[in-house]
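A.B. asks: starting from these lines, generate the structure:
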Amino acid sequence: MNFASYNIQYGFGLDGRYDLARIARSLEGADVIALQEVTRGFSRNGFADMVADIAALFPDYFWVYGPACDMHVEADEDGLQPVRGTRFQFGNMVLSRWPILATRTLLLPRSRTIGKINLQRGATEAVIAAPAGAIRVYSVHLDHVSADERIRQLQFLNARINAFVREGGSL
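C.D. replies: Numbers count the residues shown, from 1 in each chain. Sure thing, here's the model as predicted:
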């Protein structure tokens, strides 16, 4: 089984170009793909629906999207923002060659506000019907600023993973 995890940084490469097709080509051959920083309605990438666009680039894959952050976006007077009612979403995606049986998004602890560049982070769990039996996969996006916060997030995630049998999954 080939597994890939990729923080796609809103669809931008190191050269500053937004190019989901290029990202998809780099993931060819992966059976299970975990993506981080997947957005909908984000001004920085033209309000793209990255979820729909990525799903279209992988038509033979099952997928799930777990937005950890979901906010209403207001229209501005310059028309640079989308129409009223558009939502900004920021989260993780899991794609799989095999069916995704269940999913849930775990919101990771955070201590800072958006004013200090700290969007809500999450871990998207997917239970996949792999050929040898069901497996659990996590697409995880940890804090990038504070090591202490990352440690707290990993401790929380570890507790949730270990409690899976006792608590059950998304059902």
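
A.B. asks: from here on, contacts and neighbour counts on C-alpha atoms
C.D. replies: Fine.

A.B. asks: and the average pLDDT for the helix or strand harbouring residue 126 is what?
C.D. replies: Element membership for residue 126, per DSSP states H and E: strand 122-130. Strand 122-130 carries an average pLDDT of 96.

A.B. asks: state the number of residues packed around residue 33.
C.D. replies: 23 (other C-alpha atoms under 10 Å).

A.B. asks: double-check it against residue 3; I have them as touching.
C.D. replies: Yes: using C-alpha atoms under 8 Å, residue 33 makes contact with residue 3 at a distance of 5.9 Å.

A.B. asks: the helices in the chain, which residues?
C.D. replies: 20-26, 50-57, 147-162, 164-167 (DSSP state H).

A.B. asks: ok, and for the third one, which residues are buried?
C.D. replies: Spelled out, it's helix 147-162. Going by neighbour count (16 or more other C-alpha atoms under 10 Å), the buried part of helix 147-162 is 149, 150, 152, 153, 154, 157.

A.B. asks: could these be laid out in a markdown table, adding pLDDT?
C.D. replies: Shown next, in a markdown table, are the buried residues of helix 147-162 (pLDDT from 0 to 100):
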| residue | pLDDT |
| --- | --- |
| 149 | 88 |
| 150 | 91 |
| 152 | 94 |
| 153 | 94 |
| 154 | 95 |
| 157 | 94 |
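
A.B. asks: what residue is smack in the middle of the protein?
C.D. replies: Centroid check for the chain by C-alpha atoms, centre = their mean gives residue 92 as the closest residue, at 0.6 Å.

A.B. asks: ok, the nearest residue to it once chain neighbours are set aside - contacts?
C.D. replies: Once flanking residues are discounted, residue 92 sits nearest to residue 36: 4.5 Å by C-alpha to C-alpha, 6 or more residues apart in numbering. By C-alpha atoms under 8 Å, 6 or more residues apart in numbering, the contact set of residue 36 is 5, 6, 7, 8, 9, 91, 92, 93, 139, 140, 141.
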